[in-house]
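S.K.: test case, fold it:
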Amino acid sequence: MTEDLMTIREMCDAYDVTPRTLRFYEAKELLFPIRQGTKRLFTRRDRARLKLILRGKRFGFSLEEIRQLLDLYDIGDQQVTQLSKTYELATARLADMERQRSELDEAIDELKSQLDWGKQMLESLTSKEAAE
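M.R.: Here you go, the predicted model:
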């Protein structure tokens, strides 16, 4: 059993997170390490949950959304509800990300245009100065 447990340092090294991050997720009831005094031991379940938390954050889910999805794991319907809700949230998140990308692409194109205009103006002004 002890080979299935990881210390906070091992978790930090394995998942590139800080002890503060792990304690924060524990305080938010996302992780439930075994407590032995001040020592925390993380189970295989905690590691799986942490992977999902980090993936959810990467995709832009709020911690509350992640917590709700993780909590659905234990309702006993072979994860049908959890998968359905995850699919629904992920579909909405993807649409939002694609909209943001489109807005960002437009802003980038506009900024490039402004930079081109600025460069032409500078060249025009400096060539006039040189001619005078």
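S.K.: tell me which element residue 130 is part of?
M.R.: In this assignment (DSSP states H and E), residue 130 forms part of helix 80-131.
S.K.: off-centre distance for that helix?
M.R.: Mean C-alpha position of helix 80-131 versus that of the full chain (CA atoms, centre = their mean, to the nearest Å) differs by 21 Å.
S.K.: give me the buried positions along the lowest-mean-pLDDT helix or strand in the chain.
M.R.: Using mean pLDDT, DSSP states H and E, helix 63-71 stands out as the lowest-scoring helix or strand of the chain, at a mean of 91. Across helix 63-71, burial judged by 16 or more other CB atoms under 10 Å covers 65-67, 69-70. For the C-beta atoms, the positions are set from N, CA and C on the backbone; glycine is no exception.
S.K.: also stretch 17-28?
M.R.: 17, 21-22, 25-26.
S.K.: over to stretch 66-86?
M.R.: Going by neighbour count (16+ other CB under 10 Å), the buried part of stretch 66-86 is 66-67, 69-70, 72, 82, 86.
S.K.: with that, I have no additional questions.
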